[in-house]
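Chemist: got a sequence here, can you model it:
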Amino acid sequence: TGTGTMLRPRAAALVSLMRAAGDGRRYRDVSGGARVPSLCSAPPPQPVIAAKEPFPVELQEGKTYGWCACGHSKRQPFCDGSHKKEAPGLSSLRFTPTRTGPALLCGCKRTRSPPYCDGSHREDAVQAAPL
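Modeler: Next comes the predicted model:
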């Protein structure tokens with residue numbers, strides 16, 4: 001070496017280098033192995049609790065709505081774009097109801113059936129949390 005010739009590393013060696021560098025991405029091992037999380041990735045942003053009870057709303061069948069998933073919107077339970085500044089990495093949930101009528105949309109942002117309330121607001125962690 002030292003003659004100015006560039007060495008071409010093998011693909012497996014490149015994957016090892018990229019994993020060691022931990023640039024926030026995930027790479028697939030060329031041998032077909034499982035995905036490996038980066039060493040430098042930050043935890044995903046978490047929503048804030050907007051309310052400790054659901055929001056009663058009247059929805060229209062076929063109309064598309066944007067439910068606030070970050071908790072920062074001033075138009076709860078609907079999105080006003082606040083996530084772009086307050087919670088980058090989170091976005092609204094767009095949904096279209098299949099029937100017209102009343103619905104309870106989640107206000108605590110912990111539901112397991114977004115955007116609809118599943119009673120998660122009753123959990124101690126939600127009730128004890130500050131608004």
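Chemist: how much space separates Ala103 from Lys74?
Modeler: Noted for Ala103: a distance of 21 Å to Lys74, by Cβ to Cβ, to the nearest Å. For every residue, glycine as well, the C-beta is placed using N, CA and C.
Chemist: more neighbours: which of these two?
Modeler: For Ala103 versus Lys74, neighbours defined as other Cβ atoms under 10 Å are more numerous around Ala103 (18 against 10).
Chemist: what is the burial count for the residue lying closest to that one once chain neighbours are set aside?
Modeler: Distances taken as Cβ to Cβ, 6 or more residues apart in numbering put Leu59 closest to Ala103, at 5.0 Å, once the chain neighbours are dropped. Residues lying near Leu59 (other Cβ under 10 Å) number 18.
Chemist: Leu59 contacts Leu104, doesn't it?
Modeler: No: contact between Leu59 and Leu104 fails when scored by Cβ atoms under 8 Å: they sit 10.4 Å apart.
Chemist: am I right that Gly66 is in a strand?
Modeler: Yes: using DSSP: H, G, I helix; E, B strand; the rest coil, the assignment for Gly66 is a strand.
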